[in-house]
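A.B. asks: any chance you could fold what I've pasted below:
(one chain, ligands or ions: 1)
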Amino acid sequence: MIIRFEDKTGSVNINYLQSLVLMYLPCEKFAYASGDDKEFSVFADYDENKGEYTVKASLKCNNKTSEKTLCQKKDENNSSQGKNLVGKAFLECAKEIFGYLPQWGIMTGIRPAKVAVNYLDDHTEKETLKFLEKEYLVSPKRAEMCVATAVNERKLVKFSQDKSASVYVSVPFCPSKCRYCSFVSSATKKLISLIPEYLEKLYKDIEKIAEFSQKNGIKIETVYIGGGTPAILDERQISKLLYTINNSFDSDNFKEFTFEAGRPDCTTKDKFKVIKDAHVSRLSINTQTTNDEILCSVGRKHTYADYLRCMDEAKNAGFDNINTDLIAGLPGESERSFKKSVDDIIGVAPGGITVHTFALKKSSAFKTEDAEKIDANSKIAARMINYSSKALINNGYQPYYMYKQKNTVGNLDNTGYSKPGFECLYNIYMMGEYHTVFSAGADGSTKFVSHDRNTIKRSFSPKYPYEYLDSSKYAGFDEKGAYEFYEKYY
Ligand code: SF4
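C.D. replies: The predicted structure is shown next:
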């Protein structure tokens, strides 16, 4: 799409315009023009004398053209007003061309609950709901879910201590690659053979993070071992990894210790025993759908029966806090099949259920091989997501964290629900940027968060395990950067 863009308000950038277009056309590529040769043009102005914003937008797509002009008096309490007005003008044009409004309106950011969390500082829940609907054009159902999530999030973070942090431990290996996933380190024999060497370097990162946090009086509240599929490790490797974590940190004070078991084709009773013996408090065991045909077509190497067996084994090992992920809008899955998946998992009754929306990820098999078959604007996905919210709440689950990814069908959200007391604190802290999250291993980033939460700095580790192991590319946990950050901001 060719974009022409003139902004005299200083409040809009080109990335925002692209995000707006991508809500409707997730595979779109962009070019820019200064002349008349354009498909999407925006002119945004602010008249100092009148105290008024004016936005003119025009959109040409699918052989249709729509033009809109919106004016608004300046609201001193709304710092996003100019940007939002551009979004609204675009959405009016897009509605005329595509025939619908996205469920999240002009909310393009990845943390919708953050807007509600902040607004709730000075407003009631009702006012926040109205604000999301009016200012961001969020649908009443998603706005309700966003406010409910924000309210829970606010309650839960109150218990976080001063100068706390979390730790993410990355095991970026999978025995095979699911077709919707863009994860880089799925199994080749060569990659899997790197695991022993990878773990040795990972232990060093963990020990360095522990040493740094102890020296600086940082209290580690949650640890999350994710991937990839951490359960790809054998019992001995899992045991040593967990021992290293428990031995390095003051683990008696962890509020939460999660092991993302991931796929039921990688777990065993013995692995669960090892994990339980190491005081892991929370597991994630995912099936994504309970429909075996869909599981097969999206490249998952397990059946629903395998998931049920896996859940039984985990419960028998003593785990009572287990989360299960589902995905709404998987290619080929009907609304009826997804609703059955939601009902099936409610019947299994894990402590948490996270409902993701299918995203057309960059290097996934669906994107590279089947992109044209995907209904990017899926209205069915919206009904699936709204059904899951209603069914889960009716069965005692509450939303407690949410985020949005790029290129999801219908521009929908991923929301974590749980029964009271089974929320994942790590997810809230990480997504809401409440405190520093140290990352150990490849394909991760440490996110340093200042005491006042106004400054965030990232330190990335290499994406691929072989780069992580190459000392010329990665020297290990960024101790120097960590000291500099904490000296300046704490
Ligand atoms: S198990 Fe998870 S990380 Fe691994 S390929 Fe499948 S979706 Fe990606």
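
A.B. asks: which residues touch the closest residue to the ligand within the stretch 351-490 of the chain?
C.D. replies: At 8.8 Å from the ligand, Ser364 is the closest residue in the stretch 351-490 of the chain, using Cβ to the nearest ligand atom. Using the backbone N, CA and C atoms, a C-beta is placed for each residue, glycine as well. With contacts defined as Cβ atoms under 8 Å, 6 or more residues apart in numbering, Ser364 is in contact with Arg179, Tyr180, Cys181, Ser182.

A.B. asks: neighbour-wise, which of those leads?
C.D. replies: Tyr180 (23 neighbours; other Cβ atoms under 10 Å).

A.B. asks: my guess is that one contacts Asp325, does it?
C.D. replies: No - contact status for Tyr180 versus Asp325: not in contact, 11.9 Å apart, counting by Cβ atoms under 8 Å.

A.B. asks: circling back to that earlier point, and the contacts of Ser364, which is closest to the ligand?
C.D. replies: Among the contacts of Ser364, and counting by Cβ to the nearest ligand atom, the member closest to the ligand is Cys181, at 3.1 Å.

A.B. asks: does that closest one sit in a helix, a strand or a coil?
C.D. replies: coil (DSSP: H, G, I helix; E, B strand; the rest coil).

A.B. asks: one step back: and the ligand, which of the contacts of Ser364 reach it?
C.D. replies: Under the cut-off given by Cβ under 6 Å from any ligand atom, the ligand has Cys181 from these close to it.

A.B. asks: output the contacts of Ser364 as JSON lines; include the columns pLDDT.
C.D. replies: Formatted as JSON lines, those follow (pLDDT from 0 to 100):
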{"residue": "Arg179", "pLDDT": "92"}
{"residue": "Tyr180", "pLDDT": "91"}
{"residue": "Cys181", "pLDDT": "90"}
{"residue": "Ser182", "pLDDT": "85"}
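
A.B. asks: dump the contacts of Ser364 to CSV, plus distance to Glu39.
C.D. replies: Compiled in CSV, these are given as follows (distance: Cβ to Cβ, whole Å):
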residue, distance to Glu39
Arg179, 32
Tyr180, 30
Cys181, 32
Ser182, 28
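
A.B. asks: and Ile209, how many neighbours?
C.D. replies: Neighbours of Ile209 (other Cβ under 10 Å): 27.

A.B. asks: pretty sure it contacts Ala440?
C.D. replies: Yes - using Cβ under 8 Å, Ile209 makes contact with Ala440 at a distance of 5.9 Å.

A.B. asks: what do those two both touch?
C.D. replies: With Cβ under 8 Å, 6+ apart as the test, Ile209 and Ala440 both reach Val167, Phe477.

A.B. asks: three-state assignment of the closest residue to Ser80 other than its chain neighbours?
C.D. replies: Of all residues not flanking Ser80 in the chain, Ser11 sits nearest, at 7.4 Å (Cβ to Cβ, 6 or more residues apart in numbering). Put simply, Ser11 is coil when judged by three-state DSSP.

A.B. asks: phi, psi for Ser11 please.
C.D. replies: phi -120, psi 0 (degrees, to the nearest 10).

A.B. asks: and for Cys174?
C.D. replies: phi -140, psi 150.

A.B. asks: residues in a beta bridge with it, which ones?
C.D. replies: Beta-bridge pairing of Cys174 under DSSP bridges involves Ser186.

A.B. asks: so it makes contact with Pro230?
C.D. replies: No - look at Cys174 against Pro230 with Cβ under 8 Å: they stay out of range, at 10.0 Å.

A.B. asks: and for these two, which residues touch both?
C.D. replies: Gly262.

A.B. asks: what about the two, which has more around it?
C.D. replies: Pro230 (26 against 23).

A.B. asks: distance of the closest residue to that one other than its chain neighbours from Glu313?
C.D. replies: Using Cβ to Cβ, 6+ apart and skipping residues adjacent in sequence, the residue nearest Pro230 is Val171, 4.1 Å away. To Glu313, Val171 is 20 Å away according to Cβ to Cβ, to the nearest Å.

A.B. asks: more neighbours, these two?
C.D. replies: The neighbour count for Val171 versus Glu313, taken as other Cβ under 10 Å, is higher for Val171 (29 against 20).

A.B. asks: how close does the more buried one get to the ligand?
C.D. replies: 10 Å (Cβ to the nearest ligand atom, to the nearest Å).

A.B. asks: next: Arg4.
C.D. replies: Following Cβ to the nearest ligand atom, the distance that separates Arg4 from the ligand is 39 Å.

A.B. asks: so that residue, which of the three states?
C.D. replies: Per three-state DSSP, Arg4 ends up strand.

A.B. asks: got it, and Tyr16?
C.D. replies: helix.

A.B. asks: leaving out the residues flanking it, which one is nearest to it?
C.D. replies: Lys83 (6.3 Å).

A.B. asks: who's in contact with the one you found?
C.D. replies: Ser11, Val12, Tyr16.

A.B. asks: and which of the residues you listed is nearest the ligand?
C.D. replies: Looking across the contacts of Lys83 and measuring by Cβ to the nearest ligand atom, the closest to the ligand is Tyr16, at 29.4 Å.

A.B. asks: check whether stretch 192-206 comes near the ligand.
C.D. replies: No - Stretch 192-206 is not in contact with the ligand by Cβ under 6 Å from any ligand atom; minimum separation 12.9 Å.

A.B. asks: show residues contacting that stretch.
C.D. replies: 167, 169-171, 173, 175, 232-233, 237, 240-241, 244-245, 248, 440-442, 465-466, 468-469, 476-477.

A.B. asks: again, 7 Å this time
C.D. replies: The contact list for stretch 192-206 (Cβ atoms under 7 Å, 6 or more residues apart in numbering) reads 169, 173, 233, 237, 241, 244-245, 248, 440-441, 465-466, 468-469, 476-477.

A.B. asks: are any of those buried, and if so which?
C.D. replies: 169, 173, 233, 237, 241, 244-245, 248, 440-441, 465, 468-469, 477 (16 or more other Cβ atoms under 10 Å).

A.B. asks: all set now, cheers.
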